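Novice: 3D model of this:
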Amino acid sequence: YQLVAAGGGRMVSSGDTAQLQAISTGLPFRLVQQRSAIDTVVMQEIVRQTPALRPAIESIIAGQVEISLRQVDDVTPQQVPRQPGAWVPDNSVMEIRAPKKEQDQVQDTPVAGEQTLTPEQLALVRTDIIEAIRDDWMGRTPEAQQQTLVVAELNADRHAINDAIHTARHEKGDTGAEERTFTVLEPLRVPDNALRATETFAEYTGAVAMMNERYWTVAEVDTQDAVVTLRNADGESVLISPQQNTAQDISLFTPRDLTISQGDRVRFTRSDTDRGYVANSLWEVAGFTDDGAIRFRQGDQEKIVDPQAMTEDRHIDLAYALTVYGVQGASERFAIALTGTEGGRKRMASLESTYVTLSRAKEHVQVYTDDLAGWSADARHSNAGQTAHDLLHQKSDHESDTGNRLLATASRLDKTALGRRVLAENGLEGETMARFIAAGKKYPSPYVALPAWTRHGKAAGALLTEIRIEDDGMRVVLSDESRLRGGEDAQFAGLQASRNGQTLIADDAQTALRLAQENPESGVVIRLHGEERLLNAARLTGGRITEPDEVARSVRSVAEAESAAKAEDPITLPPDEQQKLAEAQEKAARELAEQARQELLPALPGTEGDKPDPLLSASDERRLRDGTERETRELDEAVREAVAEGREPRQQVRDQMQRTEREWVVNVPEKEIELEKTLGGD
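Specialist: Down below sits the predicted model:
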């Protein structure tokens, strides 16, 4: 931001706070959007999904999990291209439970009236959710396989799906006959702050640690002295103090075996700029070299990766399935999702995770879960976490959210009969921003609701004013008192939108009503407290803020304007350039002054021929000429001062010159001429 601002540019940041946040602590992007003065714009139109799938994404954005899943289920699995004879799921949302032990013992004699399944039918009944995902993916056409994202909540599920698909492809002959097993490094997801404690390293004794681009092994941990011993493959050792380690970035990995074949889909798990590795970039195993390295291919590009010889090349993995965190930002035609409540899946279920999972696909998403009802209930809850601001402003945020919800469900004031009476009896003919809240159990009287904003234009609730019906329904009046259902930072309320690019601001409701009556084309905003001005008013009302007495207050002395300009722009030109500029400005100012003098004084004595005004005496003519010359000298001095002090010469000097010339012609000469005519009237 600082570099862009220094260059005089503007930058737009784009992101989605409804998705999963970083594993490390803090929610900076959400804080910037909700708590700072930055202006935000919400992109409402969804263009990724097809019209059939789009309602499901809109519902999950609104937090309606059950409705979204029903809409996902409405898009049938039959539209996914599949190979002949492939298994097709019955529904787009399927619950597959592992059989209980007591249910595995099937009685030899079926219960009377119970329908038994044939062996062929039993073969189609899925009892293993990993096998169902494997068969679903394997049954798709090769093109559809390349266009399908498989998403899992847990790394354990991701590994199980990857291994199952690799084995199925190898057995079917889709990959090379040769299989090779390599030792790779699996990242350990440890929060940054946790590595400041010695106890954390004690849990990962034996893990691989990368520090300063070098690889070590966590050899020993002394919790009493709070030191950790790291040892590398050459036998070198180093002691570190986790509590005092602020300059060195440490990442932990665990070794594991990875079996791959030619034709497998793989990816890098860590970016390495020196080697050209990009995390989560997809590659295909093109084969193996004679010395045991792997050939990665991506289109026409090829890389040689040697996990056996280079520890840096061990950041690879199969890429048939990814975690929810890994697919953020990805997009494909189809998606297969594994969710549920068994084991760690229950802890991962959240509204953010469900939103990311369902929104990756463009045309169809297939959901497999081990407990549909339980997972749907858990997925309704947000797992975004709270910041210190959320805790400190909890009550204020609740009031603001309540007011915003009232506005969202309210009707426009001019769309209801009672609302139109309110507008008519208050003489409001402009484009109103008010909303109508009908009477109900909580609010027995109808209300007019105005949108409330913070100083920076953030929505902060609603300003409510009661509508009273008097004289047996003959009169509809607004209460003299209003109450704010919004946050403590609400400072403004919008009454009327602007049609002419101007917005007026008032300090109370009565003044605002009067301004709206007198200026139906202008926007009107009520300032609830303080003396600050509403920023981003043009975006909210359609017009810039103009206070009623702004013109009077805007008249300031030339000296103040000059000092402010100098303070804002301290950059000066070299002396030679300043002198040249001053001479050019003085010449231009004199030309303007002479031009205006000819336009405003065409008939001054002595300027048009040699015939003086017969109505003026010689002494009056001499006095008028002396006054003109004196005013001319004063104007020239003002021009020189303006040029010397760096004013903007053309506009300011021209304005000052015209005012002075008008004083010459209108005030002094006409007064003396009229006096002379009066005395010599006979």
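Novice: please enumerate the helices of the stretch 1-150 of the chain.
Specialist: Ranges of helices in the stretch 1-150 of the chain, per DSSP state H, counting those that start in this stretch, are 2-6, 28-35, 54-61, 65-74, 101-104, 119-124, 129-138, 142-146.
Novice: and for the stretch 451-600 of the chain?
Specialist: 509-518, 537-541, 550-554, 558-568, 575-600.
Novice: where among those is the average confidence lowest?
Specialist: For these, mean pLDDT drops lowest on helix 550-554, to a mean of 44.
Novice: where does pLDDT dip in this structure?
Specialist: 1, 14-39, 41-45, 99-125, 192, 246-247, 383-390, 473, 547-682 (pLDDT under 70).
Novice: what's the domain layout of it?
Specialist: 1-98+122-141+349-364+371-392, 154-323, 397-554, 566-679 (automatic domain parsing).
Novice: single out the most deeply packed of those.
Specialist: Here the criterion is mean neighbour count by mean count of other Cβ atoms under 10 Å, and of those the winner is domain 397-554, at a mean of 18. For every residue, glycine as well, the C-beta is placed using N, CA and C.
Novice: who's residue 288 bridged to?
Specialist: Counting by DSSP bridges, residue 288 forms beta bridges with residue 294.
Novice: so it sits against residue 182, correct?
Specialist: No - the pair residue 288 / residue 182 is not scored as a contact, 10.3 Å apart, by Cβ atoms under 8 Å.
Novice: can you list residues touching both of the two?
Specialist: residue 294 (Cβ atoms under 8 Å, 6 or more residues apart in numbering).
Novice: returning to what we had before: of all the domains of the chain, which one is nearest residue 342?
Specialist: Closest of these to residue 342 is domain 1-98+122-141+349-364+371-392, at 7.3 Å (criterion: Cβ to Cβ).
Novice: how far does stretch 166-179 stretch from start to finish?
Specialist: 10 Å (Cα to Cα, to the nearest Å).
Novice: outside of it, which residues touch it?
Specialist: Stretch 166-179 is touched from outside by 134, 138, 259, 260, 261, 262, 263, 264, 287, 288, 318, 320, with contacts defined as Cβ under 8 Å, 6+ apart.
Novice: any chance of these in TSV, plus distance to residue 366?
Specialist: Below are those laid out as TSV (distance: Cβ to Cβ, whole Å):
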residue	distance to residue 366
134	13
138	13
259	26
260	26
261	26
262	28
263	24
264	22
287	32
288	34
318	20
320	15
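Novice: closest one to residue 49 out of these, please.
Specialist: Nearest member of those to residue 49, counting by Cβ to Cβ, is residue 320, at 23.2 Å.
Novice: residues in contact with the closest one?
Specialist: 137, 150, 161, 162, 165, 166, 265.
Novice: hmm, who's touching the host helix or strand of residue 376?
Specialist: If you go by DSSP states H and E, residue 376 is part of helix 372-379. Residues outside helix 372-379 that contact it (Cβ under 8 Å, 6+ apart) are 65-66, 69, 93, 95, 339-341, 345-346, 349-351, 353-354, 369.
Novice: by how many degrees do it and helix 65-74 diverge?
Specialist: 130 degrees (axes from the mean of the first three to the mean of the last three Cα atoms, to 10 degrees).
Novice: and the end-to-end length of stretch 269-281?
Specialist: First-to-last residue span, stretch 269-281, Cα to Cα: 8 Å.
Novice: so residue 423 makes contact with residue 432?
Specialist: Yes - assessed by Cβ under 8 Å, residue 423 is found in contact with residue 432 at 6.3 Å.
Novice: common neighbours of the two, please.
Specialist: With Cβ under 8 Å, 6+ apart as the test, residue 423 and residue 432 both reach 413, 414.
Novice: where does the residue nearest to residue 258 when sequence neighbours are not counted sit: helix, strand or coil?
Specialist: Closest residue to residue 258 in three dimensions, ignoring its sequence neighbours and counting by Cβ to Cβ, 6 or more residues apart in numbering: residue 184, at 4.6 Å. The three-state assignment at residue 184 reads strand, by DSSP: H, G, I helix; E, B strand; the rest coil.
Novice: I appreciate the help and will end here.
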